[in-house]
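Peer 1: this one's sequence-less:
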């Protein structure tokens, strides 16, 4: 069973595709194939970034509830006033 590529591996592959396409010496059929692969990689990377952002924007309370980070920080600020 093969492991899914990491975010960094996908980003490196996308950068390689972009570099190859920018050089312009890729046959049309291959360029189209690489472009499609690049779009798919870009989409996957965006999904992973969005998921990471959601994870970082939440925190766990003492009773194991997930709450938005801002809400928890705001509640702590008003508790200290």
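Peer 2: All right, it came through fine. These numbers were taken from a predicted model, which means no experiment stands behind them.

Peer 1: okay, now the unreliable bits of this structure?
Peer 2: Residue ranges of the chain with pLDDT under 70: 1, 60-61, 70-81.

Peer 1: so which residue is dead centre in it?
Peer 2: residue 49 (2.3 Å; C-alpha atoms, centre = their mean).

Peer 1: now the helix or strand containing that one: buried residues?
Peer 2: Per DSSP states H and E, residue 49 falls inside helix 28-56. The neighbour-count check on helix 28-56 (16 or more other C-beta atoms under 10 Å) flags 34, 38, 41, 44-45 as buried. C-betas here are computed from N, CA, C, even on glycine.

Peer 1: which of those residues lies closest to residue 57?
Peer 2: residue 45 (18.5 Å; C-beta to C-beta).

Peer 1: give me the distance between the residue nearest to that closest one when sequence neighbours are not counted and residue 59.
Peer 2: Distance criterion C-beta to C-beta, 6 or more residues apart in numbering; nearest residue to residue 45, sequence neighbours excluded, is residue 10 at 5.7 Å. Noted for residue 10: a distance of 28 Å to residue 59, by C-beta to C-beta, to the nearest Å.
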